[in-house]
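S.K.: One predicted model, sequence on top.
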Amino acid sequence: MMNRGRSGLVIGIGCAVLLVFGLLLFSVFAVAPRLLRQAMPQTGEQITPPQDEPVGRVVAPTITPAPPVESPNRAVQANGLDTQSYVQLYEDVNPGVVSIQVFTRRGDITSQGAGSGFVIDDNGHIVTNNHVIAGAVRVTVIFYNGIEAEATVVGTDPDSDLAVIRVDDLPEDVHPLVLGNSDDVQVGELVIAIGNPFGQQGSMTAGIVSAVGRVLPTQVTQFSIPQAIQTDTAINPGNSGGPLLNLQGQVIGVNAQIATAGTPASAGVGFAIPVNVVRQIAPVLIETGSYQWPWVGVSGTSVNLLIQQANDLPTQSGAYIAEVIPGGPAAAVGLRGSTGAQRIDGFDVPVGGDVIIAVDGEVIEDFSDLLVNVAFRRPGDELELTYLRDGQERQVRVTLAPRPNSVNRSR
C-alpha cells in the first residue's frame, strides 16, 4: 500500500567504526532515537551513538554559512558542464532514487534509521546497502514525489554490503536507473551523488572520482569489496545505498562509506561499491536471496620494500601469503604462509611465505589484484597460480571453494 507524505525528520548519526590508516571509516547510514524511550541507535553493527536527546527532539546538523561566490556558474562551466545541464541531469535521474526508512527493535527499544537506494527494474526491485536494512522489522520506501510504500527484503549479501528490497507497485513516473560500467571509470571524471543525507531527501552533490581500485572493508564481515571507487563528492549519513552517477546519468557505484579524522561527516573521502559488483550480485539476490562468493583460503599483503628485502625477492610486486587457512583450497594444494619474522629497523617483517605473481598467466602486481581475480569467479572454478618459493618459480592448480562465513582477512 502506498501513502502520500514526506518525512521531515532530520536525524542523528549512528555509524559503524573501523580504524584504517589513522582514519575512521563510517557507513553512511543515519539513525535516530525513536519511540518508547531514548534508544541507542541500532544498525546491526558496532556503532558510535549520537548524543542522547529527549524523545521527539529533532537533532539537526550544524550549518556554517558558505562565503559568497563571485559567479556561481563559473566553476561549473570550467568543468565542462553548465548549470542547466546539471539541472537536467537531476531531473532525469532523481525519479529513480528513493529514500529508505528502517525500523529496528531490540527488546522494548525501537529505533528508526534512514538510508537511500535506487530502482533497478520495472518490477519494483531497489538496490541499497546491506547495513541499511540489516535487522529491520519494517522498511518503508519514499519516492521522490513523496509517495510511500512498504518494502520487503528480497536478498542480502553482507560480504559486498549490498541488498535488494522490493515494492509491489512503482508510482507511474518512477523509472529504473541505467547501470553503467565501473571498469570504464577514470580518475578525474565528474560524478554526482543523490540521496537522503541527514534525512534531506533528494539531495544532489557533485565532485570527481578521486581514485579507483580501492579495497573497501565491509565492516560487518572480515572480507573486503574489490575495485571500490573513491570520490570527493559530499557523502554523509543517510547517503548509504544511494547511487554515484556519471554525467550520462548512469550508475557507476553505490555510496557506502566515508573516511574522516574522527567525526561521522563528509571530509571529501567517500567510497562507493562499484556497479559491476551490483551487476554480478543483484540478479542472484533477486533469484535466491543470497550470494555465494568464491574463496582460495589465504591472507596476506602486497609486497613492499621491507618484505622484498626480508625475503630476498627480485621485485616489489606480487601477493605475499602471510597465512594459509587450514582446510581451505590453498592448504589442500600445499601453499605456504609465513614461517617466521625478520626484524628490520625495528619492524618485524614476515618471511617464508609464498608470493603469488600470476593467476592463469595474468600478472599479479599486489594483493588487491589477487582479490579481484578471485572475487569475480565462482565456487568450483579452477585457476592456475604461479608463485615464488625460496627463489624458485612454481605453479599449482587450485579449485575455489565457497567462502566461509567468517575468516579473518582471507581471500
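M.R.: Noted; the coordinates are in hand. What you are looking at is a predicted structure, and each value in this text was computed from that prediction instead of being measured.
S.K.: how about Leu89, secondary structure?
M.R.: helix (DSSP: H, G, I helix; E, B strand; the rest coil).
S.K.: That one: neighbour count?
M.R.: By other CB atoms under 10 Å, 20 other residues sit near Leu89. The way it works is simple: take the backbone N, C-alpha and C, and place the C-beta from them, glycine included.
S.K.: Was I right to think it contacts Ile194?
M.R.: No: using CB atoms under 8 Å, Leu89 makes no contact with Ile194, being 9.6 Å away.
S.K.: overlap in contacts of these two?
M.R.: Contact criterion CB atoms under 8 Å, 6 or more residues apart in numbering; residues shared by Leu89 and Ile194: Leu245.
S.K.: Phi first, then psi, for Ile258.
M.R.: phi -130, psi 150 (degrees, to the nearest 10).
S.K.: any chance you could map the strands in the stretch 101-250 of the chain?
M.R.: Here the stretch 101-250 of the chain has its strands, by DSSP state E, counting those that start in this stretch, at 109-119, 125-128, 136-142, 147-157, 162-166, 178-179, 190-195, 203-217, 224-231, 243-246, 250-260.
S.K.: Can you name the residues that contact Ala234?
M.R.: By CB under 8 Å, 6+ apart, the residues touching Ala234 are Ala193, Pro197, Thr205, Gly207, Ser266, Gly268, Gly270.
S.K.: Give me the distance between it and Ile258.
M.R.: 9 Å (CB to CB, to the nearest Å).
S.K.: what's the answer for Val102, then?
M.R.: Distance, Val102 to Ile258, using CB to CB: 19 Å.
S.K.: try Ile321
M.R.: Noted for Ile321: a distance of 32 Å to Ile258, by CB to CB.
S.K.: Repeat that for Val275.
M.R.: 19 Å.
S.K.: Name the spans of the protein whose pLDDT lies under the cut-off.
M.R.: Scanning the chain for pLDDT under 70 picks out 1-81, 219-220, 261-266, 406-411.
S.K.: which residues in it form helices?
M.R.: 72-78, 83-93, 130-133, 275-288, 305-311, 329-332, 367-375 (DSSP state H).
S.K.: counting contacts, what elements does the fifth one pack onto?
M.R.: So the one you mean is helix 305-311. strand 340-344, strand 347-351 (3 or more CB pairs under 8 Å, 6 or more residues apart in numbering; DSSP states H and E).
S.K.: So which of those strands is the most surrounded?
M.R.: Of all the helices and strands packed on helix 305-311, strand 347-351 carries the top mean neighbour count, a mean of 15, counting by mean count of other CB atoms under 10 Å.
S.K.: in its sheet, what does that strand sit against?
M.R.: strand 340-344 (antiparallel) (DSSP bridges).
S.K.: Let me see the residues that make contact with the strand it pairs with.
M.R.: For strand 340-344, the surrounding residues in contact (CB under 8 Å, 6+ apart) are Leu306, Gln309, Ala310, Asp348, Val349, Pro350, Val351, Gly352.
S.K.: and if we set it to 10 Å?
M.R.: In this structure, residues lying in contact with strand 340-344 by CB atoms under 10 Å, 6 or more residues apart in numbering are 305-307, 309-311, 347-353.
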